[in-house]
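Chemist: pasting the sequence and the predicted model now:
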2 protein chains.
Amino acid sequence: MNTELDNLVELIKEKIMANLDGKKDIKKIPIEGSGRHVHLSKEDMEKLFGENYKFTVLKELSQPGQVAYKERVRLIGPKGVIEGVVILGPAREKTQVELSLTDGRLLGVKGVLRESGKIENTPGIILSNGKNFIEIKEGVIVAKNHIHMNEEEAKELNVKDKDLVKIKVHSERPVIFEDVLIRVNKNFKLSMHIDYDEGNSCMLDKDSYGVIYE
Amino acid sequence: MNTELDNLVELIKEKIMANLDGKKDIKKIPIEGSGRHVHLSKEDMEKLFGENYKFTVLKELSQPGQVAYKERVRLIGPKGVIEGVVILGPAREKTQVELSLTDGRLLGVKGVLRESGKIENTPGIILSNGKNFIEIKEGVIVAKNHIHMNEEEAKELNVKDKDLVKIKVHSERPVIFEDVLIRVNKNFKLSMHIDYDEGNSCMLDKDSYGVIYE
């Protein structure tokens, strides 16, 4: 009971601060649904496409410097195959495959929730481009939802790098995502990234946006 | 600003009541992920399976009297086909197909969020059992999430039929679903029903449960 009352006092304090501030609850955060995609290491790029292969940029992504290539790969799991999976650039330290739980079930690969880059003890998979195969021993993740922002945006939202916040999504089927990770970097641009399962759960569309809930 | 402060006062009042009561926030609500399924009208049952056809009950569902049949149907949309869709019984007034947004995208049928039974101006689809076809002109819905309960459970949770509540899901990827519909009937048994997109968004598993959030 005491803990509950302590929590209550904390909640009231936060709400009052947010109201006095008058900003925290108002700023609209754009939301993007991230489809399944692959980041390749330099080494795996060469194994699949050949030495010094030059990828064709299809489009620039919302985060500066990040691109989607025209080239695609096939994911081959024990239970199924997904064709035409987009490759994002530039090359990463380690190859990483980001899926939704729905994708994982189709492929027969367990969906493990992870921050991008933290791939220790995650499942592996086979990737093919129709010419070559590679097998990765780990690197398949369900990416933890997160919000990219720069320092000014973090200040305005009253959050800092690595904070976990609740985000209320305004949409046809509103939900509040908990434990959303804040990622601050001077090169980032304000945008929340969720996967397709999460996007479908709130019926994300072009008019949807997020706000920090408390 | 006044509205915000009013909302705040309201929130504090609710929280204090919930804490004094000591019940509202505690009762665990079991959650079931409802896969895609079909309810058939008597007439459509006969068109597909023949006059006075007797369905075989595969299993009883959580809500008393509701069953899943052994017989299955194929859903045929403009963009794709889904095989082996379960038929629930007994027969309903009108044929209704319940899908996730993910399913709707695969079939090429727009996902329209509706309460069960409210099928006016929803998309149609073709159903087949490998022997006969029927086309329904409307009846494809994405079912609004809801909680079944009887009167005693409603009293204990301090809610009534048709209320909309927030439900916090305790799970690996916690979310709070807003506008969850309360459905009270003496034959119901406490259970929250969400679709597979929603289930995946919170990584629903056997240890997950919901609580009324505020």
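Modeler: In hand now; what should we look at? Numbers count the residues shown, from 1 in each chain, chains lettered A, B, ... in the order given.
Chemist: is A:Leu58 in a helix, a strand, or coil?
Modeler: For A:Leu58, the assignment made with DSSP: H, G, I helix; E, B strand; the rest coil gives strand.
Chemist: tell me the contacts of it?
Modeler: The contact partners of A:Leu58, by CB atoms under 8 Å, 6 or more residues apart in numbering or on different chains, come to A:Val67, A:Ala68, A:Tyr69, A:Lys70. For the C-beta atoms, the positions are set from N, CA and C on the backbone; glycine is no exception.
Chemist: check the burial of the third one by counting its neighbours.
Modeler: Other residues within reach of A:Tyr69, judged by other CB atoms under 10 Å in any protein chain shown, total 20.
Chemist: who's in contact with it?
Modeler: Neighbours of A:Tyr69 in contact, by CB under 8 Å, 6+ apart: A:Phe55, A:Thr56, A:Val57, A:Leu58, A:Val86, A:Ile87, A:Leu88, A:Gly89.
Chemist: separation between it and A:Asp195?
Modeler: 20 Å (CB to CB, to the nearest Å).
Chemist: one more: the last one?
Modeler: Plainly put, A:Lys70 is 23 Å away from A:Asp195 if you go by CB to CB.
Chemist: so what does A:Glu156 have for phi and psi?
Modeler: phi -60, psi -40 (degrees, to the nearest 10).
Chemist: could you list the buried residues of the longest strand anywhere in chain A?
Modeler: Longest strand of chain A, by residue count under DSSP state E: strand A:81-92. Buried residues in strand A:81-92, counted by 16 or more other CB atoms under 10 Å in any protein chain shown: A:Ile82, A:Val85, A:Val86, A:Ile87, A:Leu88, A:Gly89, A:Ala91, A:Arg92.
Chemist: closest to chain B among the residues you listed?
Modeler: Set against chain B, the nearest of those by CB to the nearest CB is A:Ile82 (12.9 Å).
Chemist: I figured A:Thr197 hits B:Asp197, correct?
Modeler: Not quite, residue A:197 is Asp, not Thr. Yes. In this structure, A:Asp197 is within contact of B:Asp197 by CB atoms under 8 Å, at 5.9 Å.
Chemist: which residues are in contact with both of the two?
Modeler: A:Thr102, B:Thr102.
Chemist: tell me the secondary structure for A:Lys118?
Modeler: coil.
Chemist: can you tell me which residues contact the closest residue to it other than its chain neighbours?
Modeler: Spatial nearest neighbour of A:Lys118, excluding adjacent residues (CB to CB, 6 or more residues apart in numbering or on different chains): A:Ile141 at 7.8 Å. A:Ile141 makes contact with A:Gln96, A:Val97, A:Glu98, A:Leu99, A:Val112, A:Leu113, A:Arg114, A:Ser116, A:Lys118, A:Ile119, A:Thr122 under the criterion CB under 8 Å, 6+ apart.
Chemist: for whichever strand or helix holds A:Ile141, which residues meet the burial criterion?
Modeler: Per DSSP states H and E, A:Ile141 falls inside strand A:140-143. Neighbour counts over strand A:140-143 (16+ other CB under 10 Å) mark A:Val140, A:Ile141, A:Val142, A:Ala143 as buried.
Chemist: note down every partner strand of it and its orientation.
Modeler: The pairing partners recorded for strand A:140-143 under DSSP bridges are strand A:96-98 (parallel), strand A:113-114 (parallel).
Chemist: model confidence over the last one, on average?
Modeler: The average of the pLDDT scores along strand A:113-114 is 97.
Chemist: beyond it, next helix or strand please.
Modeler: By DSSP H and E, the next helix or strand past strand A:113-114 is strand A:125-128.
Chemist: wait, A:Ile31 touches A:Leu190, no?
Modeler: No. Assessed by CB under 8 Å, A:Ile31 is found out of contact with A:Leu190, at 10.4 Å.
Chemist: more neighbours, the two?
Modeler: In terms of neighbours (other CB under 10 Å), A:Ile31 is the more surrounded of A:Ile31 and A:Leu190; the figures are 24 against 18.
Chemist: grab the nearest non-local neighbour of the more buried one.
Modeler: A:Met192 (4.6 Å).
Chemist: so what sits opposite that neighbour in the bridge?
Modeler: Per DSSP bridges, the residues bridged to A:Met192 are A:Ile31, A:Ile147.
Chemist: now do it against chain B, distance only.
Modeler: In this structure, A:Met192 and chain B are 14 Å apart, going by CB to the nearest CB, to the nearest Å.
Chemist: over to A:Gly77?
Modeler: A:Gly77 is 17 Å from chain B, by CB to the nearest CB.
Chemist: next: A:Leu11.
Modeler: 7 Å.
Chemist: that residue reaches A:Glu214, doesn't it?
Modeler: Yes. A:Leu11 lies in contact with A:Glu214 (CB under 8 Å); the separation is 7.0 Å.
Chemist: was I right about A:Phe133 contacting A:Leu75?
Modeler: No. Taking CB under 8 Å as the definition, A:Phe133 is not a contact partner of A:Leu75, at 11.4 Å.
Chemist: these two - which one has more neighbours?
Modeler: A:Leu75 (23 against 13).
Chemist: A:Ser34 versus that one, what's the distance?
Modeler: 16 Å.
Chemist: returning to that earlier point: now mean neighbour count too, for the strands paired with strand A:140-143, in TSV please.
Modeler: Formatted as TSV, the strands paired with strand A:140-143 follow (neighbours: other CB atoms under 10 Å in any protein chain shown):
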stretch	mean neighbour count
strand A:96-98	25
strand A:113-114	17
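Chemist: what's the closest of those strands to B:Glu152?
Modeler: Closest of these to B:Glu152 is strand A:113-114, at 36.9 Å (criterion: CB to CB).
Chemist: mind listing the helices for chain A?
Modeler: A:2-21, A:42-49, A:101-107, A:151-157, A:196-201 (DSSP state H).
Chemist: now find how far off-centre the last one is within its chain.
Modeler: Mean C-alpha position of helix A:196-201 versus that of the full chain (CA atoms, centre = their mean, to the nearest Å) differs by 12 Å.
Chemist: what's the longest strand of chain A in contact with?
Modeler: Under CB under 8 Å, 6+ apart, the answer for strand A:81-92 is A:35-42, A:45, A:55, A:57, A:61, A:65-69, A:71-75, A:97, A:103, A:106-107, A:117.
Chemist: and the helices of chain A, which one averages the lowest pLDDT?
Modeler: helix A:2-21 has the lowest average pLDDT among the helices of chain A, namely a mean of 65.
Chemist: and A:Glu172, what does it touch?
Modeler: Contacts of A:Glu172 (CB under 8 Å, 6+ apart): A:Cys202, A:Met203, A:Asp205, B:Leu113.
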